[in-house]
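**Q** Build the 3D model from these lines:
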Amino acid sequence: MQLSRFKSPIKGFCTCPPKYNLNTYFGRCGHECIYCYATKFPTFNGPPVPRTALAEQIKVMAKNTKLKLPVMISDCTDPYQPLEKARQITRKCIQTLVEHRFPLLIVTKSDLVTRDIDLFKKTSTVISMTVTTIREDIAKQIEPNAPAPEERIKALEKIVAAGISATARIDPIIPYVNDDPTEFETLVSTIAGIGVRQVTISTVKPVRGFFTKIKQVLPGKYERIVKAYEDAEWLMGYKYLVAEKRKIIVNKLKPIVLKHGLEFAACREGFPELNTTTCDGTTYCQTTATLTKYIK
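**A** Modelled structure (predicted):
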């Protein structure tokens, strides 16, 4: 048994270097974000399911995996969702990965991540914190059970203060919800002041059921969002804004990020020429010749 390589579901849209992927929970993440794309996969539907056996299985995986690529935790469900506080499955898995010197790419929107700073300091680690909006009222509507934006920003401060590389994902960008340049700049300015190294954005790519949820929680914006996607196309189960609209959004937000001295990347938008670095944070944990081969 070995760690599995990450594979992009949309060929040609993901330009990240090779890495392994590990989801420590199955089922629907306890944060219950209305834009969750993982629900299109049967494994990530229904209530959260702790992978209790994984803490032991990872010991075999890590031992049998010789190529020390970064391990992303996680791409489909938050590794620090509410259940993790008691279950500690993510922490146990990280302990093993640290022992075997795997670089870590942690993706979360929870301040619980600061609990494991002691482990992150033992290997090359990059924390990518999702802060979709600086407005608590909007965050509560679209990410009902996730920590407030202020708590995530405080967590980023602790992470950077501990000497750990951090990036921010302002993701997803939902038209008419969190794409206002003034609000976006306020958030980027706050993040830059902390010492975060880059901002990654991505336009929302709805799966089935998204627009129904938008109508329930943001009825005043529903019609405009639906209008924006009227000419969208389905790609591998995701509804993509047409390329022209995606590019307008990326070109509107990128200069704000660069203005504050941060690296910029747009994730799975199809415009790699607009990125100044990789979107997943791998740039900051290239600790081996293997990684250097893929990162410029």
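
**Q** For the stretch 1-150 of the chain, which segments are assigned as strands?
**A** Secondary structure of the stretch 1-150 of the chain, counting by DSSP state E, counting those that start in this stretch: strands at 4-5, 20-21, 25-26, 49-50, 71-73, 104-108, 125-130.

**Q** would you turn the ones you listed into CSV with distance to residue 166, mean pLDDT and mean neighbour count?
**A** (Glycine included, C-beta is placed from N, CA and C.) Formatted as CSV, the entries for those read as follows, by distance: least, Cβ to Cβ, whole Å; pLDDT from 0 to 100; neighbours: other Cβ atoms under 10 Å:
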stretch, distance to residue 166, mean pLDDT, mean neighbour count
strand 4-5, 25, 56, 11
strand 20-21, 20, 94, 20
strand 25-26, 23, 97, 23
strand 49-50, 26, 96, 16
strand 71-73, 15, 96, 24
strand 104-108, 10, 98, 25
strand 125-130, 5, 98, 24
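
**Q** So for residue 229, which of those strands sits nearest?
**A** Of all the strands of the stretch 1-150 of the chain, it is strand 125-130 that lies closest to residue 229, at 21.7 Å by Cβ to Cβ.

**Q** For that closest one, output the C-alpha coordinates as PDB.
**A** Coordinates of each C-alpha in strand 125-130 appear next as PDB, following Å, rounded to 0.1, in the frame of the first residue of the first chain:
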ATOM      1  CA  THR A 125       5.100  22.600   5.500                       C
ATOM      2  CA  VAL A 126       2.900  25.000   3.600                       C
ATOM      3  CA  ILE A 127      -0.500  26.000   5.100                       C
ATOM      4  CA  SER A 128      -3.100  27.200   2.600                       C
ATOM      5  CA  MET A 129      -5.900  28.900   4.500                       C
ATOM      6  CA  THR A 130      -9.100  29.500   2.700                       C
END
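
**Q** which one's the longest strand in this structure?
**A** What stands out as the longest strand in the chain, according to DSSP state E, is strand 165-173.

**Q** by contact count, what packs against the very next helix or strand once past that one?
**A** Toward the C-terminus, strand 165-173 is succeeded by helix 181-194 as the next helix or strand (DSSP states H and E). For helix 181-194, the contact count by 3 or more Cβ pairs under 8 Å, 6 or more residues apart in numbering; DSSP states H and E identifies helix 149-161, strand 165-173, helix 243-259 as packing neighbours.

**Q** so which of those is the most packed in?
**A** Scoring these by mean neighbour count under mean count of other Cβ atoms under 10 Å gives strand 165-173 as the most buried, with a mean of 24.

**Q** ok now that one, how far from the chain's centre?
**A** Its chain's C-alpha centre lies 7 Å from the corresponding centre of strand 165-173 when counted by Cα atoms, centre = their mean, to the nearest Å.

**Q** Spit out the contact partners of residue 43.
**A** Residues touching residue 43, when contacts are defined by Cβ atoms under 8 Å, 6 or more residues apart in numbering, comprise 26-27, 76.

**Q** and those as a markdown table, adding distance to residue 100?
**A** Formatted as a markdown table, the contacts of residue 43 follow (distance: Cβ to Cβ, whole Å):
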| residue | distance to residue 100 |
| --- | --- |
| 26 | 24 |
| 27 | 27 |
| 76 | 23 |
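
**Q** Could you list the low-pLDDT ranges of the chain?
**A** Regions of the chain meeting the criterion pLDDT under 70 cover residues 1-12, 286-296.

**Q** nearest residue to residue 264 other than its sequence neighbours?
**A** Computed as Cβ to Cβ, 6 or more residues apart in numbering, the closest residue to residue 264 that is not its neighbour in sequence is residue 257, at 4.4 Å.

**Q** Equivalent analysis for residue 82, please.
**A** Counting by Cβ to Cβ, 6+ apart, the nearest residue to residue 82 once its immediate chain neighbours are dropped is residue 30, at 4.5 Å.

**Q** what residues are up against the one you found?
**A** Counting by Cβ under 8 Å, 6+ apart, the residues that residue 30 touches are 48, 78, 81-83, 145.
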